[in-house]
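Visitor: when you get a sec, could you give me coordinates for this:
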Amino acid sequence: MINVWRNIRDVPVSKTPLAACDAATISNDSIVTFEIRYKDRVGDMSRYDPNQRWYYFPNMERDEAMLLKVWDSAGKEFKTATENPSMPTVPATFSFHSAFQVPAAADAPERESIEVRTIAVFRSPAHPTKL
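Guide: Predicted structure coming up:
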């Protein structure tokens, strides 16, 4: 599942921009499970880890969008390369993301955004003729 996030105002987002964490910098020890229940899983979040790299997208315009992976059916295969180098890896099961306050933009207009969930279906290498 992939969410599409977009600013819907005529002015750029400067007060509470969206940030995303580089999945390669998230250790399994920093993932915390909490009680948001989905049909097939329980929600996760990350605790502070100084080794994480976060990136934000300043001044996103109305004609720009961000794609966020929010679930991957191959998620059970998620491993960091150092955990088991002989196993195949999935770069990320989901994208840790958040908005944050920018002190210098305290007087800027409030952010207004829309997020739409989409589903992407890919053929399996094991079953190339089936979706």
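Visitor: could you use CA atoms for every contact and neighbour count after this?
Guide: Noted.
Visitor: any low-confidence regions in the protein?
Guide: Applying pLDDT under 70 to the chain flags the ranges 33-47, 75-91, 124-131.
Visitor: please enumerate the strands of this structure.
Guide: Taking DSSP state E as the test, the strands found in the chain are 2-7, 18-21, 31-37, 42-46, 54-56, 65-69, 97-99, 113-118.
Visitor: so what strands line up beside the last one?
Guide: Right, strand 113-118. Its sheet considered, strand 113-118 pairs with strand 2-7 (antiparallel) by DSSP bridges.
Visitor: hmm, back to that, present the strands of the chain as a markdown table; the columns should include mean neighbour count.
Guide: Listed next are those as a markdown table, based on neighbours: other Cα atoms under 10 Å:
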| stretch | mean neighbour count |
| --- | --- |
| strand 2-7 | 19 |
| strand 18-21 | 18 |
| strand 31-37 | 11 |
| strand 42-46 | 14 |
| strand 54-56 | 14 |
| strand 65-69 | 16 |
| strand 97-99 | 15 |
| strand 113-118 | 12 |
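Visitor: can you tell me which of these is nearest to Asp107?
Guide: Relative to Asp107, the nearest member of these by Cα to Cα is strand 97-99, separated by 16.6 Å.
Visitor: which residues touch Ala19?
Guide: Taking Cα atoms under 8 Å, 6 or more residues apart in numbering, we find Ala19 in contact with 54-57, 97-100.
Visitor: next: Arg117.
Guide: 1-4.
Visitor: beta partners for it?
Guide: Asn3.
Visitor: residues making contact with stretch 53-68?
Guide: Around stretch 53-68, the neighbours that count as contacts under Cα under 8 Å, 6+ apart are 2-14, 17-22, 25, 94-95.
Visitor: and Pro103, how many neighbours does it have?
Guide: Neighbourhood size, Pro103 [other Cα atoms under 10 Å]: 9.
Visitor: contacting residues for it?
Guide: With Cα under 8 Å, 6+ apart, Pro103 has these contacts: Lys15.
Visitor: roughly how far does it sit from Lys15?
Guide: Distance check for Pro103 against Lys15: by Cα to Cα, to the nearest Å, it reads 8 Å.
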